[in-house]
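# just a sequence and a predicted model for now, questions to come.
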Amino acid sequence: MSKKVLIKTYGCQMNVYDSSRMRDVLAPLGYEETESVEAADFVILNTCHIREKAADKVYSELGRLRDIKLERAETGREMLIAVAGCVGQAEGAEITKRNKAVDLVFGPQTYHRLPQLMKQLQDTGKSVVETEFDVSDKFADLESRPQISTSVAAFLTIQEGCDKFCTFCVVPYTRGAEFSRPVKQILTEAEKLAAKGVREVTLLGQNVNAYRGQGASGPESLARLVTQLSQVKGIERIRYVTSHPRDMTDDLIEAHAQNDKLMPYLHLPIQSGNDRILKAMNRGHTTAHYVQIIERMRKARADMAISGDFIVGFPGETDAEFEDTLRLVKQVNYASAYSFKYSPRPGTPAAERADQIDEDVKNERLARLQSLILEQTLAFNASCVGKSFDVLLEKAGRQAGQLIGRSPYLQSVHLEAGNLKIGDIAKVEIKSIGPNSLSGHYSPVESNIRS
């Protein structure tokens, strides 16, 4: 009799990838995925420690799950609860101390050992906490497990960890040092994904462009890896995220000019438009260096669109320094961007500073920044009207006969399907824009379809 697992994913794309691999690990144990907590025999919270009050939100959710677990026990039904991901790594045994209903706590480097951890739980009857950075090769272990893929677009982790130690960030403490997977291992996973119908892969890493995985004759760069991935039969589109300005190499910029399968969209966080704040953040680059990268990217490929990340209200940030961020946003002209208020992360240097910014000031700055970013995003979307893009069709739309896909710039595009099907890449003319998507028209010319 099959069992049901609910994996609730918080945060970044790497957590989405990790959750999918957890499903692969649990499938041989008889677990099938469910979206209903009422039906779940096993609930895993795959957590993120980047957002504000992340741990508090996890504890709140655990309180709700504890009540459900106790109700189940009264009817003789078992329910396992696990906390995975970066909050699990950071909080460790504190989680089981605060909530006795939690059975398993493990970090992002040890989820491949779920079967062993579950057996340990069964054998001892005691909660299991595993937050040591595993010396074994997680990805080598995962390579032997069949992948469950239900989409034509998939994430593929190629690099983990961070050596940058930005003063606001917990990633080096929760994900560990930078590690790059071997080229052969990545190509094998890409081939398996392609065999299941995946046509687009997004390469993931905390510092994805710091990739230096072992190849046939030594370490390979991200640009070289992309070249090899573009030769995998069935893979038609390649993306990568998240990049760091310090690792934006000449060959990667050139790859965007030479490789048509590499999408013309770069997510390149800067966090602040002021050099003093960047230095206080330990970013290791200046605004001039960042702008130079953008200019070179746009010279390499004229249709390149830029996305970014920003933090407002970093400790000590003055009004004038925030204005520098607004000036940078206007100078770069983003297609989209993510922006957040600074919030202290325990154990990070910035959290110990005495010059924290008042919440009201942070709120006002964030509102101004997001208004500017939204203005730019709407303008970028409006500029797409009348243009024709290759759209990868990913799922059925809400209306009968409608399909939804993604443009090269990650915009959602909906259109009348005609003779198209999910997995096709079709040339679509953009006719109009909505609040969160584009509307397009496909002319049924056979040469426009890549199936």
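Yep, that arrived.

# report the secondary structure state of Ser19.
Under DSSP: H, G, I helix; E, B strand; the rest coil, Ser19 falls in the helix class.

# I meant to write Ile235 there.
Each residue gets one of three states, and Ile235 gets coil by three-state DSSP.

# for it, what are phi and psi?
phi -80, psi 110 (degrees, to the nearest 10).

# skipping its backbone neighbours, what lies nearest it in space?
Distances taken as CB to CB, 6 or more residues apart in numbering put Ala194 closest to Ile235, at 5.3 Å, once the chain neighbours are dropped. All C-beta spots, glycine's among them, are computed from the backbone N, C-alpha and C.

# since we're on the one you found, how many residues are nearby?
19 (other CB atoms under 10 Å).

# contacting residues for it?
Counting by CB atoms under 8 Å, 6 or more residues apart in numbering, Ala194 makes contact with 232-235.

# can I get the residues you listed in CSV with pLDDT?
Formatted as CSV, these follow (pLDDT from 0 to 100):
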residue, pLDDT
Val232, 98
Lys233, 97
Gly234, 96
Ile235, 97
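
# which pair in these has the greatest spatial separation?
Greatest spatial distance among those (CB to CB): Lys233 and Ile235, at 7.4 Å.

# higher neighbour count, these two?
Ile235 (20 against 8).

# show me what contacts the more buried one?
Contact partners of Ile235, counting by CB under 8 Å, 6+ apart, are 190, 193-194, 198-201, 229, 261.

# hmm, Tyr342 and Ala350 touching each other?
Yes: with contacts counted by CB atoms under 8 Å, Ala350 reaches Tyr342, the gap being 7.4 Å.

# need the overlap of contacts for these two.
168, 314-315.

# tell me which element Phe389 is part of?
Following DSSP states H and E, one finds Phe389 within strand 388-396.

# check the offset of that strand from the chain's centre.
When C-alpha coordinates are averaged (CA atoms, centre = their mean, to the nearest Å), strand 388-396 and its chain have centres 21 Å apart.

# between whichever helix or strand comes after that strand and strand 388-396, how big is the angle?
Going down the chain from strand 388-396, the next helix or strand is strand 402-406, by DSSP H and E. The directions of strand 402-406 and strand 388-396 differ by 120 degrees, with axes from the mean of the first three to the mean of the last three CA atoms, to 10 degrees as the criterion.

# what packs against strand 402-406?
If you count contacts as 3 or more CB pairs under 8 Å, 6 or more residues apart in numbering; DSSP states H and E, strand 402-406 packs onto strand 388-396, strand 412-416.

# part of a strand, is Cys169?
No: Cys169: not assigned to a strand; according to three-state DSSP it is coil.

# so what's it up against?
50, 162, 345, 348.

# dump those to JSON lines, plus pLDDT, secondary structure and distance to Thr131.
Output for those, formatted as JSON lines (pLDDT from 0 to 100; DSSP: H, G, I helix; E, B strand; the rest coil; distance: CB to CB, whole Å):
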{"residue": "Ile50", "pLDDT": "70", "secondary structure": "coil", "distance to Thr131": "18"}
{"residue": "Cys162", "pLDDT": "93", "secondary structure": "coil", "distance to Thr131": "17"}
{"residue": "Arg345", "pLDDT": "86", "secondary structure": "coil", "distance to Thr131": "17"}
{"residue": "Thr348", "pLDDT": "92", "secondary structure": "coil", "distance to Thr131": "18"}
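
# still on that earlier bit, given the strand holding Phe389, what are its sheet partners and their directions?
Strand 388-396 sits in its sheet next to strand 402-406 (antiparallel), strand 425-433 (antiparallel), going by DSSP bridges.

# quick one: mean pLDDT for the next helix or strand after the longest one?
Downstream of strand 425-433, the next assigned helix or strand under DSSP H and E is strand 438-441. On average, the pLDDT along strand 438-441 is 96.

# got a list of contacts for strand 438-441?
So strand 438-441 is in contact with 381, 384, 389, 391, 407, 411-416, 428-433, going by CB under 8 Å, 6+ apart.

# rewinding a little: of all pairs in the contacts of Ile235, which one is the farthest apart?
Every pair of these checked by CB to CB; the farthest is Leu193 and Lys261, at 14.5 Å.

# of those two, who's got more company?
The neighbour count for Leu193 versus Lys261, taken as other CB under 10 Å, is higher for Leu193 (24 against 18).

# that one contacts Leu156, correct?
Yes: applying CB under 8 Å as the test, Leu193 and Leu156 come out as touching, 6.9 Å apart.

# between these two, which contacts overlap?
With CB under 8 Å, 6+ apart, Leu193 and Leu156 have common neighbours Val201.

# could you report the pLDDT at the nearest residue to Leu438 once chain neighbours are set aside?
What sits nearest to Leu438 in space, not counting adjacent residues and going by CB to CB, 6+ apart, is Val413, at 4.7 Å. Val413 is assigned 98 on the pLDDT scale.

# also Lys387?
At Lys387, the predicted lDDT confidence score is 96.

# that one: neighbouring residues, count only.
For Lys387, the tally of surrounding residues (other CB under 10 Å) stands at 13.

# wait, doesn't it sit right on Lys431?
No: the criterion here is CB under 8 Å, and Lys387 misses it with Lys431 at 10.4 Å.

# hmm, Glu429 and the residue nearest to Leu438 touching each other?
No: the pair Val413 / Glu429 is not scored as a contact, 10.4 Å apart, by CB under 8 Å.

# which elements pack onto the helix or strand harbouring Gly88?
Taking DSSP H and E as the definition, Gly88 sits inside helix 85-91. In terms of contacts (3+ CB pairs under 8 Å, 6+ apart), helix 85-91 is packed against strand 42-47, helix 54-74, strand 104-106, helix 171-174.

# closest one to Leu369 among these?
The nearest among those, by CB to CB, is helix 54-74 at 21.7 Å.

# in the closest one, what's buried?
54-55, 57-59, 61-62, 65-66, 68-69 (16 or more other CB atoms under 10 Å).
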